[in-house]
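A.B. asks: Need coordinates for the following:
(chains A and B)
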Amino acid sequence: MEQELIPQLFKTEYRKIISVLCNLFGIVHIEIAEDITNDTFLLASETWGLKGIPKNPTAWLYTVAKNKTKDYFKRNKIFTDKIALDLKHTQVNSDEIEIDLSDQNIKDSQLQMIFAICNPIISIEAQIGLALRILCSFGIEEISEAFLTNKETINKRLFRAKQKLKLANIKIKLPNEKEIDKRLEIVLKTIYLLFNEGYYSSTQNGTINKELCSEAMRLTYLLTQNEKTDLPITNALLSLICFHSSRFESRTDKNGEYLLYANQKRENWNLDLITKGEYFLNQSAKGNEISKYHLEAGIAFWHTREIETTEKWENILQFYNQLLQIEYSPIIALNRTFALSKANGKKIALKEALKIDLSNNHLYHSLLAELYDGIDNTKQIESLNNALKLTKTENDRKILQDKLEKASCQQSRV
Amino acid sequence: MTEFMMIFRNAYEPAFKPSPEQMQASIKQWQDWIGGIAGQGKFIGTNRLGFEGKTLKPNNVVTDGPYAEVKEIVGGYILVKANSIDDALELAKGCPILNIGGHVEVRNIMPVNK
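C.D. replies: Just a heads-up that it's a prediction; the model follows:
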């Protein structure tokens, strides 16, 4: 049984213990915190296999981690004398060192670690990597799979990132009031990308993708649990994550192939997550700020409405209009044009689509085909062929082939 | 691409009070037009101007209102990126100010050397 229990506890407890220990030692000694946490789990797997699982495995882990930390201070007298003086908690005598693994301190430590790791002095990939390792208890192998690279690359990346944080002597604490908005923005961006990595990921490993999404949700939720970070923008991101996640299961068929939104089974949508998304969307509406997360949450909210009304698409269009004014991306531009066709009609949307210069993007031609459908069959077929030439995934190719067959049938009938 | 400014002007009609539905419809027209420009990746920024204004003239002469001596007022502006003035003019087509008897002035932006 310990074969299942230990990985499970590793997921939930590794990140807690390491955050508390990092907090105790400071970022400069992050490796000591990692070593002690790793040793604790190593000892668990050795001991539990022989002696059986203790009554309260979590308490066992905490006690061992505490003892190992105290031992560390005892054994390393030089460290204790010279460096412990600078520790956050300035106790020098190892017996007096308080290792606080209470719920509150675990929460606080994790929150502070989020801000320490999501720091712009390291690259965004490194931030996500370290966040997965330290805040989400991901193994190196899982991280490398999420990034579609090998373990060595990830190890190097994490090592360099830690060196940078150490050199800059980053303090593990919440930013002060003046800085919090700016720093929170960076934290939210990292979590947003972490979520996207899972939701739109190119890896085929569904378990890892789902875990990336739920970890993004957990971290954002953690931010809403502290009054300093429980801001409208945080709630907007959480709402967005809940709405998207509500469709996680329904996005693929039983063979794991992606389904188009229109073909998803509504009964597979997770109503509980939709309700949560609505709650956080309401929370996000306090204050006057409209961030891109607010707009994306608004769009995602309307996508959870089953009935295809003009109101639905009109709202989606207006959110896209605003989103584009904050930030341009080809995918937002194409989605906006699709919403325009639903709200204002295909002809208007087609006219707008033809002004867009994205002819090297297969999705652009797919959109054109959609808009030509029922207007110009020849152009529709031409667009589908253009899309086929540019598409890279087998699944997309299959969807386009299906559409092409249908469009060709229509032509022969005419 | 060069930057251009489009300045929206129309007649000042203080008596005109749009209904909420008219307001809504007008906002949609503007947002759809601006969204179209932004969808081409050519949007930089925009602002509407309010009706509060004062004009300062030499010798510290201040007149009330932005519209003291003209029948037209500037209602707002948008900054866009375009390949040429004609390209910018193409973007201006569809500007909702044209539907209410106003006009759009398209001007190139001269960067100030720093």
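A.B. asks: quick one: low-confidence ranges for the chain?
C.D. replies: Since you didn't name a chain, this refers to chain A. Across chain A, the ranges flagged by pLDDT under 70 are A:1-3, A:77-97, A:202-204, A:412-414.
A.B. asks: Let me rephrase: I mean chain B.
C.D. replies: By pLDDT under 70, the weakly predicted segments of chain B are B:66-70, B:114.
A.B. asks: near chain A at all, the lengthiest helix in it?
C.D. replies: In chain B, taking DSSP state H as the definition, the longest helix is helix B:20-39. Yes - interface with chain A: helix B:20-39 contributes B:Lys28, B:Gln31, B:Asp32, B:Ile34, B:Gly35, B:Gly36, B:Ala38, B:Gly39 (C-beta under 8 Å from any C-beta of the partner chain). For the C-beta atoms, the positions are set from N, CA and C on the backbone; glycine is no exception.
A.B. asks: what element comes up after that helix heading to the C-terminus?
C.D. replies: Remark: after helix B:20-39, the chain's next helix or strand is strand B:43-48, criterion DSSP states H and E.
A.B. asks: I'd like to know which elements the very next helix or strand once past that next one is packed against.
C.D. replies: Remark: after strand B:43-48, the chain's next helix or strand is strand B:54-57, criterion DSSP H and E. Counting contacts by 3 or more C-beta pairs under 8 Å, 6 or more residues apart in numbering or on different chains; DSSP states H and E, strand B:54-57 packs against strand B:61-64.
A.B. asks: Now do the strand it packs on: which elements does it pack against?
C.D. replies: strand B:54-57.
A.B. asks: Could you spell out the sheet neighbours of the strand it packs on, each with its direction?
C.D. replies: strand B:61-64 (antiparallel) (DSSP bridges).
A.B. asks: From the contact counts, what lies against the longest helix of chain B?
C.D. replies: The contact analysis (3+ C-beta pairs under 8 Å, 6+ apart) places helix B:20-39 against helix A:310-326, helix A:330-344, strand B:43-48, strand B:72-82.
A.B. asks: residues from the stretch 301-414 of chain A in reach of chain B?
C.D. replies: A:314, A:317-318, A:320-322, A:324-325, A:328, A:333, A:336-337, A:340, A:344, A:352, A:355-357.
A.B. asks: Drop anything exposed from those.
C.D. replies: Using 16 or more other C-beta atoms under 10 Å in any protein chain shown as the burial test, these include A:314, A:317-318, A:320-322, A:324-325, A:333, A:336-337, A:340, A:344, A:352, A:356 as buried.
A.B. asks: most distant residue from the middle of chain B?
C.D. replies: In chain B, counting by C-alpha atoms, centre = their mean, B:Asn59 sits farthest out from the average C-alpha position, at 29.7 Å.
A.B. asks: show me what contacts that one?
C.D. replies: If a contact means C-beta atoms under 8 Å, 6 or more residues apart in numbering or on different chains, then B:Asn59 has no contacts.
A.B. asks: Okay, it and B:Glu72: tell me how far apart.
C.D. replies: Note on B:Asn59: its distance to B:Glu72, by C-beta to C-beta, to the nearest Å, is 26 Å.
A.B. asks: Which positions in chain A make contact with chain B?
C.D. replies: Chain A comes close to chain B at residues A:314, A:317-318, A:320-322, A:324-325, A:328, A:333, A:336-337, A:340, A:344, A:352, A:355-357, as judged by C-beta under 8 Å from any C-beta.
A.B. asks: quick one: contacts of stretch A:119-135?
C.D. replies: A:15, A:18-19, A:22, A:110, A:113-114, A:117-118, A:138, A:140, A:142-143, A:146-147, A:154, A:157-158, A:160-162, A:164-165, A:168, A:170, A:186, A:189-191, A:193-194, A:197, A:212, A:215, A:219.
A.B. asks: ok so, going back, in the longest helix of chain B, what's buried?
C.D. replies: Neighbour count says helix B:20-39 has B:Lys28, B:Gln29, B:Trp30, B:Gln31, B:Asp32, B:Trp33, B:Ile34, B:Gly35, B:Gly36, B:Ile37, B:Ala38, B:Gly39 buried, by 16+ other C-beta under 10 Å.
A.B. asks: for chain A, which residue is closest to the average position?
C.D. replies: A:Phe195 (2.1 Å).
A.B. asks: Next, the angle strand B:72-82 makes with the longest helix of chain B.
C.D. replies: Helix B:20-39 and strand B:72-82 are oriented at 30 degrees to each other (axes from the mean of the first three to the mean of the last three C-alpha atoms, to 10 degrees).
A.B. asks: Excluding chain neighbours, give the residue nearest to the residue nearest to the centre of chain A in space.
C.D. replies: A:Ala216 (3.6 Å; C-beta to C-beta, 6 or more residues apart in numbering or on different chains).
A.B. asks: go on, A:Asp357?
C.D. replies: Leaving aside its chain neighbours, A:Asp357 sits nearest to B:Gln40 (7.0 Å; criterion: C-beta to C-beta, 6+ apart).
A.B. asks: How much space separates the one you found from A:Lys182?
C.D. replies: Taking C-beta to C-beta, one finds B:Gln40 at 31 Å from A:Lys182.
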